[in-house]
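A.B. asks: Sequence isn't available, so here's the structure alone:
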């Protein structure tokens, strides 16, 4: 075998083998084999994640950092090992920069309340884009309402891309932070985060990146991106729900006051005052989601073992095939046609509400998403009440797209 051919084969994803690691894919829905195309909402979990969490509860369930007995030692070691795994995933300089949170939403709220709230003043500006998820809109709206700051919006075009030419004029001496999504959950758009960070740096403006939709599909290097905060959720990347992480530059985190108070985030407490714990623990008040963190570490290992480049190449083929086929369907409009996209296709069908479409397709065993996808400003921009959305993961097959297309055609025949 020629070397190039050998390397090509080696770099291909063995999807059929991989599917065997996901128990849920063995079930049926409405008497049909499950085809799960709602991965942008939440991915399924491989056995390695399920078993890692099960092993914790069966063998060494104990609280972390607070006991000298063997179970507590083992739980603490596993918990902190997962933090190191997330550090490697994002190429952070230190595990001290990794704060466990309930997910991307809590991570963004942490930055809003701990980093920005203590210093922001009336008339200061926060800059976000028109394509943000609600979790990167509402925290800033709340902060602006409570402080008199102003929320500014980076516009998008009809392809669902940022109007980058407008960005320099939106940054000024009043801009205190830029919050930007890395990959849009509603449009699939991959934003030029590195360019945005470079521009912001020239103006001395920090950048927070919502990376929930990026980490399952591409290699993320926060040092190369040049951002200041990066927020992720485990459940988007084959891990458990209710756990995620915030990465922040260590010097920024050191200067930030705690957001929540309680156990774990302290070194000393008296009625005269409290001495806070060191990073990362000063931002992790109370008993953490220990099993979730361990599951998140297992999910990172799954990504590493599978190979993010192989996953990305496979998903790109699925995206290209689905897009090509869907563009040929009469009355179907794809919402979000950016040049650089993640494995997401949002669409509308003339004369059909997406919820009706999703219900009929579900009865063919195919799970897709319908609604506003927690991105109502995007729907308003495209003047649609909602969209239907298919989104792909490492375990999806081209044959599953064919079944979806057949179900879509049957739904179109019934509803149009």
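C.D. replies: Arrived safely. Because the structure is predicted, anything quoted here is derived from the model rather than measured.
A.B. asks: So for this structure, the centremost residue is which one?
C.D. replies: By CA atoms, centre = their mean, the chain has its centre lying nearest to residue 212, at 1.1 Å.
A.B. asks: How about the contacts made by it?
C.D. replies: 103-104, 133, 185, 231-233, 236, 244 (CB atoms under 8 Å, 6 or more residues apart in numbering). The C-beta positions use only the backbone N, C-alpha and C, and glycine is treated the same way.
A.B. asks: Closest one to residue 355 out of the residues you listed, please.
C.D. replies: residue 185 (18.0 Å; CB to CB).
A.B. asks: Quick check, pLDDT for that closest one.
C.D. replies: The score at residue 185 is 97. That number is its pLDDT.
A.B. asks: let's number from 48 now, not from 1
C.D. replies: Let's use 48 as the start, then, which means that last one is residue 232.
A.B. asks: before we move on, what SS does it have?
C.D. replies: Secondary structure state of residue 232, per DSSP: H, G, I helix; E, B strand; the rest coil, is coil.
A.B. asks: Quick check: it touching residue 418?
C.D. replies: No - contact criterion CB atoms under 8 Å: residue 232 and residue 418 do not qualify, at 11.5 Å.
A.B. asks: Run through who's touching stretch 190-202.
C.D. replies: For stretch 190-202, the external contacting residues (CB under 8 Å, 6+ apart) are 159-160, 163-164, 167-177, 187-188, 209-210, 213-214, 217, 221-223, 227.
A.B. asks: can we see that at 7 Å?
C.D. replies: With contact meaning CB atoms under 7 Å, 6 or more residues apart in numbering, stretch 190-202 is reached by 159, 163-164, 167, 169-177, 187-188, 209-210, 213-214, 217.
A.B. asks: With stretch 289-304 instead?
C.D. replies: Residues from elsewhere that reach stretch 289-304 (CB under 7 Å, 6+ apart): 133, 137, 139, 141, 143-151, 154, 157-158, 161-162, 165, 269, 275-281, 326, 336, 339-340, 343.
A.B. asks: Just the pLDDT for the residue lying closest to residue 131 once chain neighbours are set aside.
C.D. replies: Nearest non-adjacent residue to residue 131, counting by CB to CB, 6 or more residues apart in numbering: residue 142, 5.1 Å away. The per-residue pLDDT reported for residue 142 equals 96.
A.B. asks: related to what we said a few turns ago, when residue 232 and residue 418 are compared, which one has more neighbours?
C.D. replies: Shown here are residue 232 and residue 418; by other CB atoms under 10 Å, residue 232 has more neighbours (27 against 18).
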